[in-house]
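Undergrad: kindly generate the corresponding structure for this input.
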Amino acid sequence: MTESEFNLHHPQPLLIIISGPSGVGKDSVVQTMKRRGLPFHFVVTATTRPARPNEVNGKDYFFVSKEEFARMIENDELFEYAIVYKDYKGNSKKQVRDALASGQDVIMRLDVQGAATVRKLAPEAVMVFLTTQSERELVERLKSRKTDAAEDLSLRIATAQQELKRAAEFDYVIINSDGCLEETVDTVVAIIRAEHHRVNPRKVSL
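TA: Next up is the predicted model:
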């Protein structure tokens, strides 16, 4: 699969947002896309939360202090940012603009709150919402991760349940069922390919 397959008809680069509640598999989808060597620029998010086991700084996230994050806000360096479960997450304006200017399609992995912010700033972004077969499945996934204290887990579950109701704000909805990660990624790739065949292509301006 080559870059020309995505840009043959409309070279205008796309900004693709992959979003959804905590626990739906956003990270797994993006990691699988990277592993396949797809010709996209994957935006690396800055966060003030500690790194989890096996996460690599600069690859999975930029792990920064709250002081450094505050400096980035003050200098207007961030495309969007939000407080997510007591920690900050945000994405660099320069990183997104430079990637689009290079002609690459740009993939951003965002929580639902961040996706709403980007939709306001870039209405032509392709908005993809990942979900599960049921709310119960989502809750079970969050519980099985065992990365949160009981109080934080309750907050994460309550937030995720509310975010599930916001699927209608997106362009596409994909059910990322357990054991079907490769099929989910295939669907994301198919959406991007179809978007490059639009009669009236999207034109993202930032």
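Undergrad: hey, where'd the helices end up in the chain?
TA: 3-7, 26-35, 66-74, 93-101, 112-121, 135-145, 150-163, 181-195 (DSSP state H).
Undergrad: quick one, which of those is packed in tightest?
TA: When the helices of the chain are scored by mean count of other CB atoms under 10 Å, the highest mean neighbour count falls to helix 112-121 (a mean of 18). C-betas here are computed from N, CA, C, even on glycine.
Undergrad: what packs against that helix?
TA: strand 15-19, strand 78-84 (3 or more CB pairs under 8 Å, 6 or more residues apart in numbering; DSSP states H and E).
Undergrad: so which of those gets nearest A115?
TA: Checking these against A115 by CB to CB gives strand 15-19 as the closest, at 3.9 Å.
Undergrad: I'd like the average pLDDT over the closest one.
TA: In this model, strand 15-19 has an average pLDDT of 97.
Undergrad: would you confirm that D87 contacts T45?
TA: No. Here D87 does not reach T45: they are 11.3 Å apart, not a contact under CB atoms under 8 Å.
Undergrad: tell me which of the helices and strands packed on helix 112-121 sits most buried.
TA: Most buried of the helices and strands packed on helix 112-121 by mean neighbour count (mean count of other CB under 10 Å) is strand 15-19; its value is a mean of 24.
Undergrad: strand partners (parallel or antiparallel) of that one?
TA: Strand 15-19 pairs in its sheet with strand 105-109 (parallel), strand 126-131 (parallel), by DSSP bridges.
Undergrad: buried ones in the first one?
TA: Pointing back at strand 105-109 there. For strand 105-109, a neighbour-count test (16 or more other CB atoms under 10 Å) marks D105, V106, I107, M108, R109 as buried.
Undergrad: and for the closest residue to the fourth one other than its chain neighbours, the neighbour number?
TA: Leaving out its chain neighbours, the residue that sits closest to M108 by CB to CB, 6 or more residues apart in numbering is V43, at 4.7 Å. Close neighbours of V43, defined as other CB atoms under 10 Å, add up to 19.
Undergrad: dump the helices of the chain to TSV, plus distance to L14 and mean pLDDT.
TA: Listed next are the helices of the chain as TSV, based on distance: least, CB to CB, whole Å; pLDDT from 0 to 100:
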stretch	distance to L14	mean pLDDT
helix 3-7	8	57
helix 26-35	14	94
helix 66-74	26	95
helix 93-101	9	92
helix 112-121	13	91
helix 135-145	28	80
helix 150-163	24	79
helix 181-195	6	96
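Undergrad: how many neighbours does F40 have?
TA: F40 is flanked by 21 other residues according to other CB under 10 Å.
Undergrad: is it true that it touches Q104?
TA: Yes. Assessed by CB under 8 Å, F40 is found in contact with Q104 at 6.3 Å.
Undergrad: residue contacts, the residue lying closest to A116 once chain neighbours are set aside?
TA: Counting by CB to CB, 6+ apart, E169 is the residue found nearest to A116 once chain neighbours are left out, at 6.8 Å. Contact partners of E169, counting by CB atoms under 8 Å, 6 or more residues apart in numbering, are A115, A116, R119, M127, F129.
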